[in-house]
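[1] Could you look at this predicted model? Sequence included:
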Amino acid sequence: MATPSGLPTPALYYSRVRATLVPRIVGYAMVALGPVLFVLAILKNTPEVLFVPLVTTTAGSFIALMTVTVKVDQHNVMIAFCDIFKRTLPRDDIATVTTDNAAGPSGYGFRYMGPGMVAYLVGGPEINIEMKNGKTVVASADKPETLIRLLTASAS
(Lines give C-alpha, C1' and ligand atoms only; values in the text may rest on other atoms or scores of the structure.)
Protein backbone atom coordinates (compact mmCIF):
# COMPACT_ATOMS: atom_id res chain seq x y z
CA MET A 1 0.00 0.00 0.00
CA ALA A 2 1.47 3.35 -0.98
CA THR A 3 1.21 6.58 0.91
CA PRO A 4 -0.42 9.58 -0.81
CA SER A 5 3.04 10.84 -1.74
CA GLY A 6 3.59 7.70 -3.82
CA LEU A 7 6.29 6.32 -1.51
CA PRO A 8 5.90 2.81 -0.10
CA THR A 9 4.75 2.52 3.50
CA PRO A 10 7.60 2.13 5.97
CA ALA A 11 8.11 -1.28 7.52
CA LEU A 12 7.12 -1.67 11.15
CA TYR A 13 9.42 -4.68 11.40
CA TYR A 14 12.13 -5.90 9.03
CA SER A 15 14.29 -8.97 9.44
CA ARG A 16 16.70 -10.50 6.93
CA VAL A 17 18.34 -13.63 8.33
CA ARG A 18 21.18 -15.42 6.56
CA ALA A 19 21.92 -19.11 6.82
CA THR A 20 23.86 -20.22 9.87
CA LEU A 21 27.55 -21.06 9.62
CA VAL A 22 27.36 -24.76 8.68
CA PRO A 23 25.30 -24.43 5.47
CA ARG A 24 27.30 -21.36 4.44
CA ILE A 25 30.55 -23.34 4.73
CA VAL A 26 29.04 -26.27 2.82
CA GLY A 27 27.74 -23.91 0.12
CA TYR A 28 31.04 -22.11 -0.33
CA ALA A 29 32.86 -25.47 -0.45
CA MET A 30 30.50 -26.56 -3.25
CA VAL A 31 31.18 -23.29 -5.10
CA ALA A 32 34.93 -23.88 -4.79
CA LEU A 33 34.53 -27.49 -5.93
CA GLY A 34 32.79 -26.45 -9.17
CA PRO A 35 35.88 -25.11 -11.01
CA VAL A 36 37.93 -28.09 -9.81
CA LEU A 37 35.38 -30.51 -11.28
CA PHE A 38 35.33 -28.45 -14.50
CA VAL A 39 39.12 -28.71 -14.88
CA LEU A 40 39.03 -32.45 -14.14
CA ALA A 41 36.30 -33.00 -16.74
CA ILE A 42 38.37 -31.13 -19.35
CA LEU A 43 41.63 -32.92 -18.47
CA LYS A 44 40.00 -36.37 -18.59
CA ASN A 45 38.28 -35.41 -21.86
CA THR A 46 34.79 -36.21 -20.55
CA PRO A 47 32.58 -33.36 -21.77
CA GLU A 48 29.43 -35.36 -20.98
CA VAL A 49 29.90 -34.62 -17.26
CA LEU A 50 30.39 -30.86 -17.64
CA PHE A 51 26.92 -30.34 -16.15
CA VAL A 52 28.24 -31.56 -12.76
CA PRO A 53 30.38 -28.44 -12.07
CA LEU A 54 27.51 -26.24 -13.22
CA VAL A 55 25.04 -27.92 -10.86
CA THR A 56 27.55 -27.99 -8.00
CA THR A 57 28.38 -24.29 -8.31
CA THR A 58 24.74 -23.23 -8.69
CA ALA A 59 23.51 -25.33 -5.76
CA GLY A 60 26.43 -24.19 -3.61
CA SER A 61 25.64 -20.54 -4.33
CA PHE A 62 22.01 -21.06 -3.41
CA ILE A 63 22.92 -22.83 -0.14
CA ALA A 64 25.62 -20.34 0.87
CA LEU A 65 23.52 -17.25 0.18
CA MET A 66 20.05 -18.37 1.36
CA THR A 67 18.11 -15.82 3.38
CA VAL A 68 14.68 -15.38 4.94
CA THR A 69 13.14 -11.92 4.92
CA VAL A 70 10.21 -10.99 7.16
CA LYS A 71 8.66 -7.57 6.63
CA VAL A 72 5.64 -6.23 8.49
CA ASP A 73 3.69 -3.15 7.44
CA GLN A 74 0.31 -1.79 8.55
CA HIS A 75 -1.68 -4.42 6.63
CA ASN A 76 0.51 -7.43 5.79
CA VAL A 77 3.29 -9.73 6.87
CA MET A 78 5.51 -10.61 3.90
CA ILE A 79 7.83 -13.62 4.18
CA ALA A 80 10.36 -14.48 1.47
CA PHE A 81 12.93 -17.25 1.10
CA CYS A 82 15.88 -16.10 -1.06
CA ASP A 83 13.54 -13.48 -2.55
CA ILE A 84 12.17 -16.28 -4.75
CA PHE A 85 9.49 -18.01 -2.69
CA LYS A 86 7.25 -15.31 -1.21
CA ARG A 87 4.08 -15.30 0.82
CA THR A 88 2.01 -12.34 1.97
CA LEU A 89 -0.18 -12.84 5.02
CA PRO A 90 -2.89 -10.27 5.80
CA ARG A 91 -2.48 -9.19 9.42
CA ASP A 92 -6.24 -9.40 9.97
CA ASP A 93 -6.15 -13.14 9.16
CA ILE A 94 -3.49 -14.03 11.76
CA ALA A 95 -4.84 -15.99 14.74
CA THR A 96 -1.70 -16.56 16.87
CA VAL A 97 2.02 -15.91 16.69
CA THR A 98 4.47 -17.88 18.83
CA THR A 99 8.13 -18.82 18.86
CA ASP A 100 8.80 -22.22 17.37
CA ASN A 101 11.47 -24.84 17.06
CA ALA A 102 9.51 -27.18 14.76
CA ALA A 103 12.43 -27.66 12.40
CA GLY A 104 15.12 -27.72 15.08
CA PRO A 105 18.74 -26.91 14.38
CA SER A 106 18.74 -28.78 11.07
CA GLY A 107 15.91 -26.80 9.52
CA TYR A 108 17.01 -25.17 6.29
CA GLY A 109 15.19 -24.25 3.12
CA PHE A 110 11.68 -23.71 1.86
CA ARG A 111 9.81 -26.71 3.27
CA TYR A 112 6.45 -28.39 3.23
CA MET A 113 6.00 -29.58 6.83
CA GLY A 114 2.62 -31.27 6.63
CA PRO A 115 -0.91 -30.40 5.60
CA GLY A 116 -1.40 -26.64 5.69
CA MET A 117 2.09 -25.95 7.06
CA VAL A 118 5.07 -24.45 5.20
CA ALA A 119 8.38 -23.19 6.52
CA TYR A 120 10.97 -20.66 5.38
CA LEU A 121 14.09 -21.61 7.34
CA VAL A 122 17.78 -20.77 7.52
CA GLY A 123 18.43 -22.01 11.06
CA GLY A 124 18.22 -20.00 14.24
CA PRO A 125 15.15 -18.63 16.03
CA GLU A 126 11.79 -19.17 14.40
CA ILE A 127 8.27 -17.79 14.56
CA ASN A 128 5.09 -19.79 14.09
CA ILE A 129 2.21 -17.85 12.52
CA GLU A 130 -1.15 -19.62 12.67
CA MET A 131 -3.83 -18.22 10.41
CA LYS A 132 -7.56 -18.14 11.14
CA ASN A 133 -8.12 -20.58 8.25
CA GLY A 134 -5.96 -23.21 10.02
CA LYS A 135 -2.83 -22.87 7.89
CA THR A 136 0.55 -22.35 9.55
CA VAL A 137 3.70 -20.57 8.39
CA VAL A 138 7.03 -21.02 10.18
CA ALA A 139 9.86 -18.59 9.42
CA SER A 140 13.33 -17.78 10.70
CA ALA A 141 13.55 -14.32 12.27
CA ASP A 142 16.33 -12.49 14.06
CA LYS A 143 14.14 -11.05 16.85
CA PRO A 144 11.04 -13.23 17.15
CA GLU A 145 9.95 -11.67 20.46
CA THR A 146 9.78 -8.21 18.86
CA LEU A 147 7.72 -9.56 15.99
CA ILE A 148 5.35 -11.39 18.34
CA ARG A 149 4.83 -8.24 20.43
CA LEU A 150 4.10 -6.20 17.31
CA LEU A 151 1.61 -8.66 15.84
CA THR A 152 -0.19 -9.48 19.11
CA ALA A 153 -0.47 -5.80 20.07
CA SER A 154 -2.24 -5.02 16.81
CA ALA A 155 -4.62 -7.97 17.23
CA SER A 156 -5.88 -6.82 20.62
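    Yes, it's here.
[2] What ranges does this protein have for its helices?
    21-43, 51-64, 144-155 (DSSP state H).
[3] Buried residues, the first one. List them.
    In this case it means helix 21-43. 23, 24, 26, 27, 30, 31, 34, 37, 38, 41 (16 or more other CB atoms under 10 Å). Bear in mind the C-beta positions are built from the backbone N, C-alpha and C, glycine included.
[4] Let me have those residues in CSV, extended by distance to residue 135 and pLDDT.
    What follows is these, written out as CSV (distance: CB to CB, whole Å; pLDDT from 0 to 100):
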residue, distance to residue 135, pLDDT
23, 27, 87
24, 30, 90
26, 31, 93
27, 30, 93
30, 33, 94
31, 35, 94
34, 38, 91
37, 41, 89
38, 44, 90
41, 45, 87
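[5] and the helices of the chain as TSV, adding distance to residue 99?
    Formatted as TSV, those follow (distance: least, CB to CB, whole Å):
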stretch	distance to residue 99
helix 21-43	21
helix 51-64	25
helix 144-155	5
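[6] re the thing from before, how about a markdown table for the buried residues of helix 21-43, with distance to residue 138 added?
    A markdown table is the format used below for these (distance: CB to CB, whole Å):
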| residue | distance to residue 138 |
| --- | --- |
| 23 | 17 |
| 24 | 21 |
| 26 | 22 |
| 27 | 22 |
| 30 | 26 |
| 31 | 28 |
| 34 | 32 |
| 37 | 35 |
| 38 | 38 |
| 41 | 40 |
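[7] Can you report how many residues neighbour the closest residue to residue 137 other than its chain neighbours?
    Excluding the flanking residues, the one nearest residue 137 by CB to CB, 6 or more residues apart in numbering is residue 129, at 4.7 Å. Neighbours of residue 129 under the rule other CB atoms under 10 Å: 24.
[8] Surely residue 129 and residue 97 touch.
    Yes. Using CB atoms under 8 Å, residue 129 is in contact with residue 97, at 5.3 Å.
[9] Could you name every residue contacting both of these two?
    Applying CB atoms under 8 Å, 6 or more residues apart in numbering, one finds that residue 129 and residue 97 are jointly contacted by residue 151.
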